[in-house]
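Colleague: The following block contains a protein sequence and its predicted model.
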Amino acid sequence: MDQGSSRRVALITGATGQDGAYLSELLLSKGYFVHAVKRRSSSFNTGRIDHLVQDPHDRNQRFVLHYGDMTDSTNLIRIVQQTQPHEIYNLAAQSHVQVSFETAEYTANADAVGALRLLEAIRILGLEKHSRFYQASTSELYGKVQEVPQSETTPFYPRSPYAAAKLYAYWIVVNYREAYGMHASNGILFNHESPLRGETFVTRKITRAVAAIKLGLQDKLYLGNLDAKRDWGHAREYVRGMWLMLQQDEPDDYVLATGETTEVRAFVQQAFEEVGVMIEWSGSGVAEQGRDCKTGRVLVEVDPRYFRPTEVDLLIGDPSKAARKLGWTHETKWRDLCAEMVHHDLVAIKSEQRVNVGRDTL
Ligand code: NDP
Ligand code: GDR
């Protein structure tokens, strides 16, 4: 494995996820040698990065996959030791908020202690001054609304095992920066979506369902809290912000967001409009329904199983520090993002043999 002496070398955990795929593409386009960590799985889990995988016999190979897991410190130490990365992007996490209520201990292990393991690997190997570190922190840290818009100075109030685990990760990054002089930064990223978004997050669940309903493959879309408001941006633009954070002379923490917030209900409406269906709402709470204005057919229903024990009602970020210091801004508006996802899913679902409607759709 010849990394080339002058080439920048990056290590990405969570490379098989939405952000990992976009970040891998970005770094490869910038000439980096990219080491990507993937978990062992009994089924293929590299669908988002298959187009980047190269023949290991190719002498010009610049994208290398490593088996790894955030719960295995010896494995992480070995990967960091072998790859000697200039930049480490810690994107791996059990990232589903509702699932974290079911798998709280595992989520803490992977998301909180996992970040610590990686930081310790850097320290054990004496790479504090060699490896810069990015931590995938989240707007879920803000949780219960304290102030809006939320910025780097807004107090945290986590509302889920996921957010509590990410809170630990946030602070351990700050602590290792201050204690050991590491170039370690937190990106406090608000929700970002794309056609690569996991199918159980609300935007993708909606766009896939709208496409499947349009194609006559699904009857209805069942959702939880339609009142929740999120600040949705495009994932491709957010990974650029991650990279910019590690190019700064000094490490710091930054919010990446659009500054606009939208109800889940409005996203549903917009997604249906993309396929020519206007939704009319009636009822409230668990009795709320969305009907096709023309036919009266019920297309959206509320199912309380998707309600969370504690909810984050409103997220809207203030990205002005990132704009000022990194020169980062978002470009894609949420309606265009929604359109891109619906049109992607219309094509994708046509090529699937069946839609896994009965599958876990949290
Ligand atoms: P995804 O859920 O799409 O990807 C998560 C990645 O982590 C996958 O590659 C997954 O592997 C991997 N992973 C999960 N558990 C482990 C583990 N124990 N060991 C090693 N790898 C593991 O998330 P996103 O790409 O959307 O998000 C990336 C990061 O950013 C996450 O940490 C998330 O919490 C955080 N974040 C995301 C935001 C968003 O809106 N997308 C906003 C703010 C923060 P596999 O493919 O095998 O499941
Ligand atoms: P979130 O994303 O919890 O914000 O975490 P998600 O898309 O899961 O939920 C957004 C909002 O939609 C409401 N909702 C539903 N959510 C899901 N998943 N399924 C439903 O059926 C449904 N109905 C309503 C939710 O209650 C919530 O209010 C995402 C993840 O990517 C985290 O890893 C990341 O840290 C944050 O974004 C920022």
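Modeller: All right, it came through fine. Numbering: from 1, shown residues only. Ligands and ions are numbered 1, 2, ... in the order given.
Colleague: which residue ranges form the strands in the stretch 151-300 of the chain?
Modeller: Using DSSP state E, counting those that start in this stretch, the strands of the stretch 151-300 of the chain run over residues 184-189, 192-193, 221-223, 229-230, 233-234, 253-256, 262-263, 279-282, 289-292, 298-302.
Colleague: how about the ones you listed in TSV, adding distance to ligand 1, mean pLDDT and mean neighbour count?
Modeller: (Each C-beta comes from the backbone N, C-alpha and C, glycine too.) Shown next, in TSV, are those (distance: least, CB to the nearest ligand atom, whole Å; pLDDT from 0 to 100; neighbours: other CB atoms under 10 Å):
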stretch	distance to ligand 1	mean pLDDT	mean neighbour count
strand 184-189	4	99	26
strand 192-193	4	98	26
strand 221-223	18	98	20
strand 229-230	9	98	20
strand 233-234	8	98	24
strand 253-256	9	99	25
strand 262-263	14	98	17
strand 279-282	25	98	14
strand 289-292	24	98	18
strand 298-302	23	98	19
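Colleague: Which parts of the chain belong to which domain?
Modeller: With domains defined by automatic domain parsing, the chain comprises 9-193+231-256, 202-230+262-312+333-351.
Colleague: Can you tell me which of the ones you listed is most buried?
Modeller: The highest mean neighbour count among the domains of the chain, using mean count of other CB atoms under 10 Å, belongs to domain 9-193+231-256: a mean of 20.
Colleague: Off-centre distance for that one?
Modeller: Relative to its parent chain, domain 9-193+231-256 has a centroid offset of 10 Å by CA atoms, centre = their mean, to the nearest Å.
Colleague: Are it and ligand 2 in contact anywhere?
Modeller: Yes - judged by CB under 6 Å from any ligand atom, domain 9-193+231-256 comes into contact with ligand 2 at 95, 97-98, 138-140, 190-191.
Colleague: can you pull the contacts of residue 326?
Modeller: By CB atoms under 8 Å, 6 or more residues apart in numbering, the residues touching residue 326 are 241, 244-245, 248, 254.
Colleague: Can you get me the start-to-end distance on stretch 179-186?
Modeller: Counting by CA to CA, to the nearest Å, you get 16 Å between the two ends of stretch 179-186.
Colleague: okay, and for this structure, where does confidence drop off?
Modeller: Within the chain, the stretches with pLDDT under 70 are 1-2, 353-362.
Colleague: picking up where we left off before, please identify which of the contacts of residue 326 is nearest to ligand 1.
Modeller: Nearest to ligand 1 among these is residue 241, at 11.2 Å by CB to the nearest ligand atom.
Colleague: show me the contacts for the closest one.
Modeller: Applying CB under 8 Å, 6+ apart to residue 241 gives the contacts 187, 189, 254, 256, 322, 326, 328.
Colleague: Which residues are in contact with the residue in the stretch 1-150 of the chain that ligand 1 sits nearest to?
Modeller: Nearest residue of the stretch 1-150 of the chain to ligand 1: residue 17, at 2.0 Å (CB to the nearest ligand atom). Applying CB under 8 Å, 6+ apart, we find residue 17 in contact with 48, 91-92, 95, 198.
Colleague: same deal with residue 264?
Modeller: By CB under 8 Å, 6+ apart, the residues touching residue 264 are 202, 206, 223, 225-230.
Colleague: could you redo the last one with a cut-off of 7 Å?
Modeller: By CB atoms under 7 Å, 6 or more residues apart in numbering, the residues touching residue 264 are 202, 223, 225-226, 228.
Colleague: for residue 63, same thing?
Modeller: If you count contacts by CB under 7 Å, 6+ apart, then residue 63 has 24, 28, 34, 36, 52-54 around it.
Colleague: try 6 Å
Modeller: Residues counted as contacts of residue 63 (CB atoms under 6 Å, 6 or more residues apart in numbering) are 34, 52, 54.
Colleague: State the distance from residue 165 to residue 188.
Modeller: Counting by CB to CB, to the nearest Å, the gap from residue 165 to residue 188 is 15 Å.
Colleague: likewise residue 64?
Modeller: Residue 64 is 30 Å from residue 188, where distance means CB to CB.
Colleague: so who does residue 21 touch?
Modeller: So residue 21 contacts 48-49, 196 (CB under 6 Å, 6+ apart).
Colleague: ok, for it, nearest residue in space, not its chain neighbours?
Modeller: Sequence neighbours aside, residue 48 is the residue nearest to residue 21 in space, at 3.8 Å (criterion: CB to CB, 6 or more residues apart in numbering).
Colleague: Where do the helices of the stretch 151-300 of the chain begin and end?
Modeller: Secondary structure of the stretch 151-300 of the chain by DSSP state H, counting those that start in this stretch: the helices cover 161-180, 202-214, 235-247, 264-274.
Colleague: Of all these, which one comes closest to residue 105?
Modeller: Across those, residue 105 has its closest neighbour in helix 161-180 (8.3 Å, CB to CB).
Colleague: could you say what helices and strands the closest one packs with?
Modeller: If you count contacts as 3 or more CB pairs under 6 Å, 6 or more residues apart in numbering; DSSP states H and E, helix 161-180 packs onto helix 97-102, helix 104-107, helix 114-124, strand 132-138, strand 184-189.
Colleague: For the residue nearest to residue 252 when sequence neighbours are not counted, give the beta-bridge partners.
Modeller: Nearest non-adjacent residue to residue 252, counting by CB to CB, 6+ apart: residue 185, 5.8 Å away. Beta-bridge partners for residue 185, by DSSP bridges, are residue 134.
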